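Visitor: I would like the atomic coordinates for the input below:
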Amino acid sequence: MRRRGSVMVIALAAVVVLMAAVTSAVTAFRVNARAQQTRTETQAAERMVLSGLARSLAVLVEQDHNLLTANDEWAEPGFQADELFLMPRGSFRIQIVDAGGFLNLNEIPVEHLEELPLTDEQIESLLDWREPDLQPRQLGAKDEYYRQLFEPYNAALAPLHTIEEVLLIKDWSAQTLYEPQENFSGDALVEGDVEDQPSLDQIVTVDSRSPNTSSDGEQKQSINQASTGVLRQAGVSQTVAQAIVDRRNTQGTYESLGEVFGVSGMTLEAAEIILNQFAVETDQQVSGQINLNTAGEAVLNSLPGMSRDITQAILGRQGTFEEVGELAQIPGVSLDVLQQIGGDFTLGSHAYLIRLMGEAGGTRIFREAVVLIEEEQPRLVRLNRPAHADMDVRWEWPEEPATETDVMGGSL
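Guide: Residues are numbered from 1 along each chain as shown. The predicted model follows:
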């Protein structure tokens, strides 16, 4: 009896081991099957992203990049994340964004950085990182600091390639970039409490650039080369034209349009003409200018000398500006204000961000494409994987798309 009992125990143990092995095998099979399914769905979602990207690029091919308005196709609902495009094996959503609606971290001067949610240490460290000088500022850092880190590296001493690059900079962190900040010297960028403020990654870029042209595509003339005759022909009075040239001859070339608006006898009417037709730069495109038709409230409020009332007046006309000089018509905009912000604006763009969501099965992915305009044609330069899984929330997309469109068959 004892032997039979022992045999029974051994048999039961074998059955248990066998069942455990079978269960383990089934679990492994299910895990592998699910992993394979996820890979398949991810690949399909990637194809959805590429479909959305192709659709977006087709729109930008037709865009007039000298003047962006609310009537452009890229600004219509289908390209502002409120339409779901259905494909045979998935779906995608698109948002085309003008990079000129953001602040360019590579171009923001010190006095502007001081209006952002940054500490003095962060500002000086950013300046040291992006500038080629080898001597660090008092609160900043150059190679000597970075080479002493646990995993040493050098400062870039050059413009940032992505906004995430700031995470390599002394005193910068993921919290600095991705969360609203409490301790900084400037005013709140929008009305409300700390949690209502935008995070830095929502208002900055490293890619903005715009054509150095008037809205009709004509190259702007150099204010540093213009004679009194050229200025008079543009519509500037003799008195103001002579003052511009005299100031240039006695004090040197202008470094910004703001300096031009401070000359003796300057008027808002003359300033409007200068904004429309003249520039300090002679390059065909410039970096860092802010688009009057696309900039958000926080970006506008961050500008030194910008009042809340002027910001609201600009937002009320946004999408309808046809000349940069119309800024001089905004209530509250004086020559003193133009001396601070007059040269900061544009209406054109040579850089766009395309925000994309691709979905297949139960898998959803987000990507952000950087597209630059070269020789009037859009060129994809980067396709980034955003840092967060809830980018639709961070991009402030509508929770549900307003419409659905079957790409093969039309609206549903």
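Visitor: Could you pull up the residues touching residue 226?
Guide: Listed by Cβ atoms under 8 Å, 6 or more residues apart in numbering, the contact partners of residue 226 are 234, 244, 245, 278. Where C-beta positions appear, they are placed from N, C-alpha and C, glycine not excepted.
Visitor: give me phi/psi at it?
Guide: Main-chain dihedrals, residue 226, degrees, to the nearest 10: phi -70, psi 130.
Visitor: Also residue 230?
Guide: In this entry, residue 230 is assigned phi and psi values of phi -60, psi -40 (degrees, to the nearest 10).
Visitor: what's the neighbour count on it?
Guide: Counted by other Cβ atoms under 10 Å, the residues lying close to residue 230 total 17.
Visitor: quick one: it and residue 222, what's the gap?
Guide: Applying Cβ to Cβ, to the nearest Å, the value for residue 230 to residue 222 is 10 Å.
Visitor: Mind jotting down where the helices sit in the stretch 51-200 of the chain?
Guide: Listed in chain order, the helices of the stretch 51-200 of the chain (DSSP state H, counting those that start in this stretch) span 110-113, 120-130, 143-146, 174-178.
Visitor: Show me which positions of the last one end up buried.
Guide: Same thing as helix 174-178. By neighbour count with 16 or more other Cβ atoms under 10 Å, helix 174-178 contains the buried residues 176, 177, 178.
Visitor: Hmm, residue 204 and the last one touching each other?
Guide: No. No contact is recorded between residue 178 and residue 204 when judged using Cβ atoms under 8 Å, the distance being 11.6 Å.
Visitor: strand partners of the longest strand belonging to the chain, parallel vs antiparallel please.
Guide: With DSSP state E applied, the strand covering the greatest number of residues in the chain is identified as strand 363-374. Paired with strand 363-374 in the same sheet, following DSSP bridges, are strand 351-360 (antiparallel), strand 377-384 (antiparallel).
Visitor: hey, which of those is tucked in deepest?
Guide: When you average the neighbours per residue for each of those (mean count of other Cβ atoms under 10 Å), strand 351-360 leads with a mean of 24.
Visitor: chain center to that one, what's the gap?
Guide: 13 Å (Cα atoms, centre = their mean, to the nearest Å).
Visitor: So for it, mean pLDDT?
Guide: Across strand 351-360, pLDDT averages out at 97.
Visitor: send the alpha carbons of it over as PDB?
Guide: What follows is strand 351-360, C-alpha atoms only, in PDB (Å, rounded to 0.1, in the frame of the first residue of the first chain):
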ATOM      1  CA  ALA A 351       9.600  76.000 -40.900                       C
ATOM      2  CA  TYR A 352       6.600  73.800 -39.900                       C
ATOM      3  CA  LEU A 353       6.000  71.200 -37.300                       C
ATOM      4  CA  ILE A 354       3.700  68.300 -38.300                       C
ATOM      5  CA  ARG A 355       2.200  66.500 -35.300                       C
ATOM      6  CA  LEU A 356       1.000  63.100 -36.200                       C
ATOM      7  CA  MET A 357      -0.900  60.200 -34.500                       C
ATOM      8  CA  GLY A 358      -1.100  56.800 -36.100                       C
ATOM      9  CA  GLU A 359      -3.300  54.000 -34.800                       C
ATOM     10  CA  ALA A 360      -3.700  50.400 -35.700                       C
END
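Visitor: Check which residues of stretch 72-81 are buried.
Guide: Within stretch 72-81, the residues that qualify as buried by neighbour count (16+ other Cβ under 10 Å) are 72, 74, 75, 78, 79, 80, 81.
Visitor: now these in CSV, with distance to residue 285 and pLDDT?
Guide: Formatted as CSV, the entries for the buried residues of stretch 72-81 read as follows, by distance: Cβ to Cβ, whole Å; pLDDT from 0 to 100:
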residue, distance to residue 285, pLDDT
72, 19, 95
74, 19, 94
75, 21, 93
78, 28, 88
79, 23, 94
80, 25, 95
81, 28, 95
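Visitor: I'd like the contacts of residue 226 written out as JSON lines, with secondary structure and neighbour count added.
Guide: Shown next, in JSON lines, are the contacts of residue 226 (DSSP: H, G, I helix; E, B strand; the rest coil; neighbours: other Cβ atoms under 10 Å):
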{"residue": "234", "secondary structure": "helix", "neighbour count": "16"}
{"residue": "244", "secondary structure": "helix", "neighbour count": "28"}
{"residue": "245", "secondary structure": "helix", "neighbour count": "18"}
{"residue": "278", "secondary structure": "strand", "neighbour count": "24"}
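Visitor: about what we covered before: out of the helices of the stretch 51-200 of the chain, nearest to residue 389?
Guide: Closest approach to residue 389 among the helices of the stretch 51-200 of the chain is made by helix 174-178 (12.7 Å; Cβ to Cβ).
Visitor: Please write out the alpha-carbon positions of that closest one in PDB.
Guide: C-alpha atoms of helix 174-178 as PDB (Å, rounded to 0.1, in the frame of the first residue of the first chain):
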ATOM      1  CA  ALA A 174      13.100  67.300 -17.500                       C
ATOM      2  CA  GLN A 175      11.000  69.300 -15.000                       C
ATOM      3  CA  THR A 176      12.400  72.600 -16.400                       C
ATOM      4  CA  LEU A 177      11.300  71.600 -19.900                       C
ATOM      5  CA  TYR A 178       8.100  69.700 -19.400                       C
END
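Visitor: what sits against the residue lying closest to residue 171 once chain neighbours are set aside?
Guide: If the residues on either side of it in the chain are set aside, residue 171 comes closest to residue 121, at 4.3 Å by Cβ to Cβ, 6 or more residues apart in numbering. In this structure, residue 121 makes contact with 139, 140, 170, 171, judged by Cβ under 8 Å, 6+ apart.
Visitor: Mind giving me the PyMOL command for buried ones among those?
Guide: Here the buried members of those are turned into a PyMOL selection, burial being counted by 16+ other Cβ under 10 Å:
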select buried, resi 139+140+170+171
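Visitor: Surely residue 277 and residue 221 touch.
Guide: Yes. Residue 277 is in contact with residue 221 according to Cβ under 8 Å; the separation is 6.0 Å.
Visitor: Need the overlap of contacts for these two.
Guide: Counting by Cβ under 8 Å, 6+ apart, the contacts common to residue 277 and residue 221 are residue 234.
Visitor: Looking at the two, which one has more neighbours?
Guide: A count of neighbours by other Cβ under 10 Å puts residue 277 above the other of residue 277 and residue 221, at 23 against 18.
Visitor: Tell me the spacing between the more buried one and residue 200.
Guide: Here residue 277 is placed at a distance of 35 Å from residue 200 (Cβ to Cβ).
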